[in-house]
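Just to be clear, the model below is a prediction. Sequence and coordinates:
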Amino acid sequence: MTNKLEALETWASGLLEQLQPGARNQLARSIGQELRRSQQKRVLTQQNPDGSKFAPRKKRDLRGKQGRIRRKVEMFKKLRTATYMKARGDSNSITVGFTGRISRIARVHQFGLKDRAEPGAPEVRYDQREMLGFTEADLDLIKDSLLRQISLD
């Protein structure tokens with residue numbers, strides 16, 4: 001995947017030099033927003049960038065109080081919202097990532113690190129669930145956006 005990303009970077013650098021700084025900023029912001037939407041859809045379907053499913057949650061007792069069964073909540077429901085998943089773009093870069101304290105939770109799942117579920121709980125190694133990453137469709141989206149912008153100028 002990195003080879004394809006590097007090839008896209010070298011291909012796009014020549015085209016980006018032809019754009020005015022204002023148009024480049026606008027293009028970066030729009031590509032960032034489209035990438036965020038793409039990442040949000042992929043997290044909604046619980047898939048890694050390579051197309052494999054996220055590792056399932058560990059089994060737990062869903063009975064809270066007597067007679068009540070809590071519903072299963074999908075993973076990362078709040079993390080995929082625009083409040084937490086931010087897209088930024090300027091003339092030199094595009095960034096899609098998580099902000100604030102949520103970024104720590106996202107990093108633990110992205111790389112499969114150890115963390116505590118709550119203060120005082122034992123440390124647990126979380127399964128790797130790649131919430132951010134490029135798919136083939138994302139690379140095509142970047143190419144198409146760039147070509148569309150060049151044809152407008």
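That came in fine, so what should we check first?

the longest helix in the chain is where?
Assignment by DSSP state H gives helix 21-44 as the longest helix of the chain.

same question for the very next helix or strand once past that helix, mean pLDDT?
Next helix or strand after helix 21-44 toward the C-terminus (DSSP states H and E): strand 85-89. Regarding strand 85-89, the rounded mean pLDDT is 94.

Now do the most centrally placed residue in the chain against P21, distance only.
The residue lying closest to the centre of the chain (C-alpha atoms, centre = their mean) is L132, at 3.0 Å. As judged by C-beta to C-beta, to the nearest Å, L132 and P21 stand 27 Å apart. C-beta: built from backbone N, CA, C; applies to glycine.

ok so, going back, per-residue confidence at the closest residue to the residue nearest to the centre of the chain other than its chain neighbours?
Once flanking residues are discounted, L132 sits nearest to Q39: 5.9 Å by C-beta to C-beta, 6 or more residues apart in numbering. Looking at Q39, its pLDDT is 95.

quick one: contacts for Q39?
For Q39, the contact set (C-beta atoms under 8 Å, 6 or more residues apart in numbering) comprises R80, M85, V96, M131, L132.

Please consider this matter closed, and thank you.
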